[in-house]
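Asks: the following block contains a protein sequence and its predicted model.
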Amino acid sequence: MDYLIIGFQDVLNPVTLFWVASGVTLGYILGALPGLGKATGVAVAIPLTFYLTPVAALGMLIGIAKGSAAGSAVSAILLNTPGEPSSAPTALDGYPLARQGKAQKALKMGLYASVIGDFLSTIVLIGLAAPLANYALLIGPVELCAILLFSLTFIGGLSGKSMIKGLIAGAFGVFFATIGLETETFVPRMTFGMLELDDGLKLVPLAIGMLAVAEMIIQAGNLKALDAETANIADGSSKDDREISHSEWRRCIPVILRGTVIGSLIGILPGLGASVGSFLSYGATKRASKTPEKFGTGMIEGVAAAESADNAVVPSSLIPLFALGIPGSVIAALLIAAFILHGLTPGPLMFKQQPRLVADVYAAMICASFIMLFIGYSGQRIFAMIIKVPLRLIIPGVLLLCTIGAYMETGSVFSIYVMLGFTLIGFFAKKLDFSFVTFLIGFVIGPNIELTFRQSLQLLDHRFSNLLHHPIALVFIILTVLTIWWLGWSSSVANSTPKSVEPVAQPSAANQDIHKKREE
Amino acid sequence: MSIFTRRGFLGASIALAISATALSTAALAADDYPNKPITMLVGYGAGGQTDLIARAAAQVMSEQVGVPINVVNKPGAGGAVAARELQQADPDGYTIMFHSNTVVNSAPFIMDRVDFKPDDFEYAGMITAYQVGMATQKDAPYNNITEFVAWAKENPGFSYGALSPEARLYMEEIAKKNDLDVNIVPLQSGSEMINALLGKQVVLAFSGGIHYRYTDELKSISALTSFRHPSAPDVPTIEEEGYPIAMDSRTVVMLPKDTPRAILDTLSEALSAAQTAENFNKVAAASDIPVMYLDVDAATKEMNDTYTKNKAIIEGASAN
């Protein structure tokens, strides 16, 4: 605590604050622009920070990561095109709110949820980094496999109107994720001899194509209607449309806290990432709601749930990095390089050898949270005007940014082809009302389940009884069974279609195997 | 066509100079090499260990040759995507690649669609070596492969972490020779490997050298190279213990085939300056990467030798 005070003394000077603020601002803008994301921003900025003091450099880089997680909500709400894949659930309710003339309200909730999630998660990082990281080590592949299996049951809650269509989309997501080298024998799967596919399809070009480009094309096909509608949107005619009311705050606070907890936990677990966090939080909120059918039509809770979790992931994914030296996310992996270059080797020794620099970084992170609030608040008035700009002016710019974003992921034109391919899929998915949310969940979680399942088989020595040594995994397997049973029971009561129970368990081959294993 | 677009970037006077050299032979063009920015391909994503070394080397080389060297990341298939692009570039020294030499000396034997041979490229030197080894927990009751084999016979069904085909090969060879019962756990990254070791999920893991950062918790029991690791000089190599399967890997500066020798020498000399450059050594030391410079001839010989050796090892292993 004493060190933290010294840390603030080191950070609270105009030069350092300037760099932290530029990082947050840059991140916020990058995040808000569809196509350009935080990983790109941090990777490009690392060489720029060679010339700064360690505190300013690290503060700036973390600022970019934090800012972009918050900024991505802006385009999700205003344009229905998430700035980052992890803000896709924000668009589900944020965009309807904006079309109802409540853009400012949605933006405010997105911002507040982001800042609260980010701030609380930063506090968790500062207070609990060391003890939590040791618990995270107890979560091995076996436990992770069971947790992921459990999280797949959320697909049921997120499929939209038709659970069957949601499951089909989820299965397609898993299918596309299987492309690339298989993890044990290194046999290329469905690469058609293209080396570019050996490492699999990348999330960024895929998500940009499905979410942003497809949405722009659909809107382009609808130009006249949307232009007419845009002319009619009177932004914030009443105070009720601009401000968040007390009753909305009351409803959203528990949602934000739940989102923060989910986001922080997902951040600590290795390899899951912000997209999983925000989708799970949205799914959990929808399930807990008394009016789940209203989600997708402009529920402010949806924005709060997705954004709080999305932002909570960023600081907590630094916990394994700080405490053990293990990068838990793409951002953390990029930061590890920057930390070492600036003389701070992440890991347990860091606290002993460089306590002052660690305290400085902590202080810079807290400052970044407040700067984010300030920048987001002053920026949203300007951003909200976008909703009044005719779409014919916005679409070309967004398409350009999307193309750049896809290209930068691998530095090759191939990524642009991937983006265009998935634009087509995204277009038809939207027209035919297949959920891209479940598709993305399948795409993100599917390969993790396959890998952890294969790892589990080896670690358990192919013996079912060894599962008894993994109580955490057992708990989650039981939870999964109960959830599926409950989903089946409630849907058979609701519309007497008991058929929808079974497919929940079938999005992937690996998944099926797990079920077999459990039945043994 | 490509000459015209490239010309577009240059000032009028330089454009004149280039059009003069473009007409002359490649050897003549080498005289005033380099006179424009050089593109350095890296076949891994930005921010990784090899990428950082590449960027530090690019900085040193750029100061030496007097033109900017722009690092461009082209990740994919362990560098094969970038190497294929290099193959198609003009042999004028303005497109170079900084990468692990595994893309030439072992990828062809592991990936069906990669058929690079040492002759397909020119080499302007090697600068660092990877300390590939077997890592385990500090308190593990074995300190070399022989002791490990003895332990493993008492503990059948143990778990070994592997993140590449080579990593599997090492353990499969050891297990075959000693009739061990091993479960090979697939891992996907160095950080996942560290996680598996620190979390005691596996008793042994293949490491590209990253484990030397965790000196308090982890130790090496074998160097999977033909030399002992500078970071752990007391740990024997796998060859010392009777398994002739060490496969060395180093970072190399590669150029398209038929690049004039003068250009290779210019770049090689620039690369050699990295041995003493402060910033480069700082980056290398931060990741426990030993600097071991080889010039054009030595690098080409190393590439040919390791190609032949690795081919015999990998094809011999899969033949059984």
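Replies: Happy to help now that I have it. Residues are numbered from 1 along each chain as shown, chains lettered A, B, ... in the order given.
Asks: can you pull the buried residues of whichever strand or helix holds residue B:124?
Replies: In the assignment (DSSP states H and E), residue B:124 maps to strand B:121-129. Buried residues in strand B:121-129, counted by 16 or more other CB atoms under 10 Å in any protein chain shown: B:121-129. Using the backbone N, CA and C atoms, a C-beta is placed for each residue, glycine as well.
Asks: who does the residue most central in space within chain B bridge with?
Replies: In chain B, the centroid-proximal residue (CA atoms, centre = their mean) is residue B:100; its distance is 1.9 Å. In this entry, residue B:100 is beta-bridged to residue B:251, by DSSP bridges.
Asks: surely it meets residue B:252?
Replies: Yes. Contact criterion CB atoms under 8 Å: residue B:100 and residue B:252 qualify, at 7.5 Å.
Asks: related to what we said a few turns ago, can I get the buried residues of strand B:121-129 in a markdown table with pLDDT and distance to residue A:200?
Replies: Compiled in a markdown table, the buried residues of strand B:121-129 are given as follows (pLDDT from 0 to 100; distance: CB to CB, whole Å):
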| residue | pLDDT | distance to residue A:200 |
| --- | --- | --- |
| B:121 | 95 | 27 |
| B:122 | 93 | 32 |
| B:123 | 94 | 30 |
| B:124 | 93 | 32 |
| B:125 | 93 | 33 |
| B:126 | 94 | 30 |
| B:127 | 93 | 31 |
| B:128 | 93 | 28 |
| B:129 | 92 | 30 |
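Asks: need the max-distance pair from the residues you listed.
Replies: Spanning the widest gap among these are B:122 and B:129, at 20.5 Å by CB to CB.
Asks: show me which helix runs longest in the chain.
Replies: No chain was given, so I picked chain A. Secondary structure of chain A per DSSP state H: the longest helix is helix A:103-138.
Asks: the chain in question should be chain B.
Replies: Per DSSP H, chain B has its longest helix at helix B:296-319.
Asks: buried sites along that one?
Replies: Within helix B:296-319, judged by 16+ other CB under 10 Å, the buried ones are B:296, B:299-300, B:302-304, B:306-307, B:309-310, B:313-314, B:317.
Asks: that one and chain A, any residue contact?
Replies: No. Under the criterion of CB under 8 Å from any CB of the partner chain, helix B:296-319 makes no contact with chain A; the nearest approach is 11.6 Å.
Asks: report the angle between that helix and strand B:121-129.
Replies: 90 degrees (axes from the mean of the first three to the mean of the last three CA atoms, to 10 degrees).
Asks: and the closest residue to residue B:156 other than its chain neighbours, how close does it get to residue B:245?
Replies: With sequence-adjacent residues excluded and distances taken as CB to CB, 6 or more residues apart in numbering or on different chains, residue B:156 is closest to residue B:181, at 3.7 Å. As defined by CB to CB, to the nearest Å, residue B:181 lies at a distance of 20 Å from residue B:245.
Asks: of those two, who's got more company?
Replies: More crowded of residue B:181 and residue B:245, by other CB atoms under 10 Å in any protein chain shown: residue B:245, with 19 against 12.
Asks: picking up where we left off before, after the longest helix of chain A, next one along is what?
Replies: helix A:141-152.
Asks: just the residues contacting that following helix, thanks.
Replies: Applying CB atoms under 8 Å, 6 or more residues apart in numbering or on different chains, the external contacts of helix A:141-152 come out as A:139, A:170, A:269-270, A:276, A:280, A:441, A:445, A:448-449, A:451-453, A:455-456, A:459-460, A:467, A:470, A:472-477, A:479-480, A:483, A:504, A:507, A:511, A:514, B:185, B:196, B:201.
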